[in-house]
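Participant: Generate coordinates for the sequence data below:
(one chain, ligands or ions: 2)
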Amino acid sequence: GFSWTLPDHPKLPKGKQVAVVVLDGWGEANADEYNCIHVAQTPVMDSLKNGAPEKWRLVKAHGTAVGLPSDDDMGNSEVGHNALGAGRIFAQGAKLVDQALASGKIYEGDGFNYIKESFENGTLHLIGLLSDGGVHSRLDQLQLLLKGASERGAKKIRVHILTDGRDVLDGSSVGFVETLENDLSQLREKGIDAQIASGGGRMYVTMDRYENDWDVVKRGWDAQVLGEAPHKFKSALEAVKTLRAEPNANDQYLPPFVIVDDSGKAVGPVLDGDAVVTINFRADRMIMLAKALEYADFDKFDRVRVPKIRYAGMLQYDGELKLPSRYLVSPPEIERTSGEYLVKNGIRTFACSETVKFGHVTFFWNGNRSGYFDETKEEYVEIPSDSGITFNVAPKMKALEIAEKARDAILSGKFDQVRVNLPNGDMVGHTGDIEATVVACKAADEAVKIILDAVEQVGGIYLVTADHGNAEDMVKRNKAGKPLLDKSGGIQILTSHTLQPVPVAIGGPGLHPGVKFRNDIQTPGLANVAATVMNLHGFEAPADYEPTLIEVADN
Ligand code: 3PG
Ligand code: CO
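Facilitator: Ligands and ions are numbered 1, 2, ... in the order given. Below you'll find the model as predicted:
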């Protein structure tokens, strides 16, 4: 029968403290001026890379190695932390939605049947990120859903768009809106009343995460549900073009707008009897809106009017909270994560990051599960992030504070595993500000030093890795790797993640001297890290986990 008990590792001892450090958005790429990790002073990460070759290696962090549909898909924090924590590769949201749309199963499930009951007398509202980034959502999935819903009786459809510029190039919003407008006009030709109803930039409207700033969600609620926004336009294309022309405007931070008819009335507020689908498959930046749409008791902001709706998520975003209760596609069932195994085998665990990445080292790490497995053995510490700023103005973020918490946790001797996420490379990388990203990388490196020094003091072990690339490449390139220029001859800034591999480094005084990376695993990825960490704690990994990266030579 099934047992949570992990077998003892035949050679590695128990009782060593293990620090697991995840540098967010820290990939390995050629050294040039757009590689902020290369440009920055990063002596600690450099020394790991230039140290013993059997203690540093690269692993895949994108595409099929992390459960994404194809190897053209860049990595991201959700799938990266899922793989790191779960030790296996699960087909992820992007892929599950593709499959459900291709087979038509999406239209047969409880979720679709539930919202369908509104099609006769109500409006179908689709709210979500409009791009082909494939991190939170994908345009082609929205297109298929529009087609499928209209063929199955939706007569009135309103789309509430969030412009991207973070997982895709800034400025690409215009093209995505054009494509969507074109699709909607084709639906109108078929007699379906289909329109874009509202919009705004993803980082300013709706897509906050981990309750960092509820104002973001409120701005979205006002535009989407109440039909109120500071900017009113006759068309979404006009809206996006006009708002982008403002000084310093970009897709990520466009202000909220609503589309109005000739009499100035919003074309698509959410009303009693309507159906709402949040089209993002990824959870973190939809959970707050899902709570506002679903919870009767809600005090995060004044919703003013709470329409009686049929609401479904593209996926269920939180399996523990069962949020939302209705959804179109079942999420990946990521069970038996390494976190749960280790806690059940007595490993006292400390996890820490700042707000914007806190759920990454807890919720995503634990297979999209919120809360503790065993309160008596775990402590999760969240350091409040700065809110209401873009992180290029404070690129050091809370790296130092996170490192100090980790150091204190290590020195306290109260924990067997101390796990952190250092957000700088990613969060500042997403702003596209190269100078600030260099500062960010240096700050992350300094944080690693504090943690490794503490490991040294207690005779522990470290494993340093990353969830995907970002800061190591800040420019869009052609196939030959040459930077692409925009119309005015400037470089095209890459705000998104990359397809690059990420480092895994192990060491520390507690590491058995015979441990080294194996070279018999063909193309290891992030999912191989969990078994490795279990070994470092003195356990063998479960048989169905991706194999460990390490072996132990007898000496
Ligand atoms: C975001 O949500 O900030 C980006 O779309 C992806 O970044 P992350 O995967 O590093 O969180
Ligand atoms: Co990111």
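
Participant: C-alpha from now on. contacts and neighbour counts both.
Facilitator: Noted.

Participant: Break the protein down into its structural domains.
Facilitator: Per automatic domain parsing, the domain ranges recorded for the chain read 18-91+334-552, 94-329.

Participant: Minimum distance to residue 10: which of these has it?
Facilitator: When the domains of the chain are compared by C-alpha to C-alpha, domain 18-91+334-552 sits nearest residue 10, at 8.1 Å.

Participant: Enumerate the residues of the stretch 301-450 of the chain near ligand 1.
Facilitator: Counting by C-alpha under 6 Å from any ligand atom, the residues of the stretch 301-450 of the chain close to ligand 1 are residue 426.

Participant: rewinding a little: in JSON lines, list the domains of the chain along with mean pLDDT, distance to residue 3 and mean neighbour count.
Facilitator: Converted to JSON lines, the domains of the chain look like this (pLDDT from 0 to 100; distance: least, C-alpha to C-alpha, whole Å; neighbours: other C-alpha atoms under 10 Å):
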{"stretch": "domain 18-91+334-552", "mean pLDDT": "97", "distance to residue 3": "10", "mean neighbour count": "21"}
{"stretch": "domain 94-329", "mean pLDDT": "98", "distance to residue 3": "22", "mean neighbour count": "20"}
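
Participant: Assign residue 361 to one of the three secondary structure states.
Facilitator: Three-state assignment for residue 361 (DSSP: H, G, I helix; E, B strand; the rest coil): helix.

Participant: Grab the nearest non-local neighbour of it.
Facilitator: Closest residue in space to residue 361, ignoring its immediate chain neighbours: residue 421 at 6.2 Å, by C-alpha to C-alpha, 6 or more residues apart in numbering.

Participant: Show me the contact partners of the helix or strand harbouring residue 218.
Facilitator: Here residue 218, judged by DSSP states H and E, is contained in helix 214-221. By C-alpha atoms under 8 Å, 6 or more residues apart in numbering, the list of residues contacting helix 214-221 from outside reads 200, 203-208, 229, 256, 288-289, 300-301, 303.

Participant: among those, which are in strands?
Facilitator: Residues of these located in strands (DSSP state E): residue 200.

Participant: Now for the protein: which helix has the highest residue count?
Facilitator: Of all the segments of type helix in the chain, defined by DSSP state H, the longest one is helix 434-458.

Participant: and that helix, how far from the chain's centre?
Facilitator: Taking C-alpha atoms, centre = their mean, to the nearest Å, one finds helix 434-458 lying 22 Å from the centre of the chain it belongs to.

Participant: for that helix, packing partners?
Facilitator: When contacts are defined as 3 or more C-alpha pairs under 8 Å, 6 or more residues apart in numbering; DSSP states H and E, helix 434-458 sits against strand 18-23, helix 36-39, helix 43-49, helix 399-412, helix 424-429, strand 461-466.

Participant: just the CA coordinates of the first one, formatted as CSV?
Facilitator: Extracted C-alpha coordinates of strand 18-23, given in CSV (Å, rounded to 0.1, in the frame of the first residue of the first chain):
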residue,chain,number,x,y,z
VAL,A,18,19.6,22.4,3.8
ALA,A,19,19.1,25.9,2.4
VAL,A,20,17.2,25.9,-0.9
VAL,A,21,17.6,29.2,-2.7
VAL,A,22,15.5,30.0,-5.8
LEU,A,23,16.6,33.1,-7.8
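
Participant: Going forward, count from 15.
Facilitator: Right, with 15 as the first residue, what we last looked at is strand 32-37.

Participant: List the residues that contact the residue in the stretch 215-364 of the chain that ligand 1 sits nearest to.
Facilitator: With C-alpha to the nearest ligand atom as the measure, the residue in the stretch 215-364 of the chain that lies nearest ligand 1 is residue 299; the distance is 6.7 Å. In this structure, residue 299 makes contact with 220-224, judged by C-alpha under 8 Å, 6+ apart.

Participant: now with 6 Å?
Facilitator: Contacts here follow C-alpha atoms under 6 Å, 6 or more residues apart in numbering; on that basis residue 299 touches 221-223.

Participant: can you redo those residues as TSV with distance to ligand 1?
Facilitator: As requested, these are exported to TSV (distance: C-alpha to the nearest ligand atom, whole Å):
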residue	distance to ligand 1
221	8
222	9
223	8
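
Participant: from the residues you listed, which is closest to residue 260?
Facilitator: For residue 260, the closest of the contacts of residue 299 turns out to be residue 221, at 21.8 Å, with distances computed as C-alpha to C-alpha.

Participant: In space, what's closest to the closest one - neighbours in sequence excluded?
Facilitator: Here the nearest residue to residue 221 in space, its sequence neighbours aside, is residue 299; by C-alpha to C-alpha, 6+ apart that works out to 4.7 Å.

Participant: do residue 40 as well
Facilitator: Nearest-residue entry for residue 40: residue 483, 4.8 Å, with adjacent residues in sequence omitted and distances by C-alpha to C-alpha, 6+ apart.

Participant: sec struct for that neighbour, please.
Facilitator: Each residue gets one of three states, and residue 483 gets coil by three-state DSSP.

Participant: right, and it touches residue 511 too?
Facilitator: Yes: the pair residue 483 / residue 511 is scored as a contact, 5.5 Å apart, by C-alpha atoms under 6 Å.

Participant: tell me which strands and helices the host helix or strand of residue 371 is in contact with?
Facilitator: Assigning secondary structure by DSSP H and E places residue 371 in helix 369-373. Where contact means 3 or more C-alpha pairs under 6 Å, 6 or more residues apart in numbering; DSSP states H and E, helix 369-373 is packed against strand 392-397.

Participant: go with 10 Å
Facilitator: Counting contacts by 3 or more C-alpha pairs under 10 Å, 6 or more residues apart in numbering; DSSP states H and E, the secondary-structure elements packed against helix 369-373 are helix 91-100, strand 363-368, strand 392-397, strand 431-436, helix 438-443.

Participant: Would you mind saying which of these lies nearest residue 263?
Facilitator: Taking the helices and strands packed on helix 369-373 one by one with C-alpha to C-alpha, helix 438-443 is closest: 17.3 Å.

Participant: coming back round to it: need the residues touching each of residue 483 and residue 511.
Facilitator: Overlap of the contact sets of residue 483 and residue 511 (by C-alpha atoms under 10 Å, 6 or more residues apart in numbering) consists of 39-41, 76, 88-91, 440, 443.

Participant: rewinding a little: gap between the helix holding residue 371 and the chain center?
Facilitator: Relative to its chain's centre, helix 369-373 lies at 10 Å (C-alpha atoms, centre = their mean).

Participant: Just the residues contacting it, thanks.
Facilitator: Residues from elsewhere that reach helix 369-373, judged by C-alpha under 10 Å, 6+ apart: 38, 91-92, 95, 222-227, 298, 365-367, 377-380, 382-385, 394-401, 412, 434-438, 440-441.

Participant: ok, residue 374 touching residue 91?
Facilitator: Yes: between residue 374 and residue 91 there is a contact under C-alpha atoms under 10 Å: 6.8 Å.

Participant: list residues touching both of those two?
Facilitator: Residues within reach of residue 374 and of residue 91 at once, by C-alpha under 10 Å, 6+ apart, are 38, 481.

Participant: Grab the nearest non-local neighbour of residue 487.
Facilitator: Among residues not flanking residue 487 along the chain, residue 49 sits closest, at 4.8 Å (C-alpha to C-alpha, 6+ apart).

Participant: which residues does the one you found contact?
Facilitator: 41-43, 448, 451-452, 484-489.

Participant: what about residue 142, which helix or strand?
Facilitator: Using DSSP H and E, residue 142 sits in strand 138-144.

Participant: what angle separates that strand from helix 228-235?
Facilitator: Between the axes of strand 138-144 and helix 228-235, defined by axes from the mean of the first three to the mean of the last three C-alpha atoms, to 10 degrees, the angle is 130 degrees.

Participant: Let me know the next secondary structure element after strand 138-144.
Facilitator: Helices and strands here follow DSSP H and E; after strand 138-144, the next one along the chain is helix 153-165.

Participant: Who are the packing partners of that following helix?
Facilitator: The criterion is 3+ C-alpha pairs under 10 Å, 6+ apart, and the helices and strands that helix 153-165 contacts are helix 107-117, helix 124-130, strand 138-144, strand 170-177, helix 187-203, strand 207-215.
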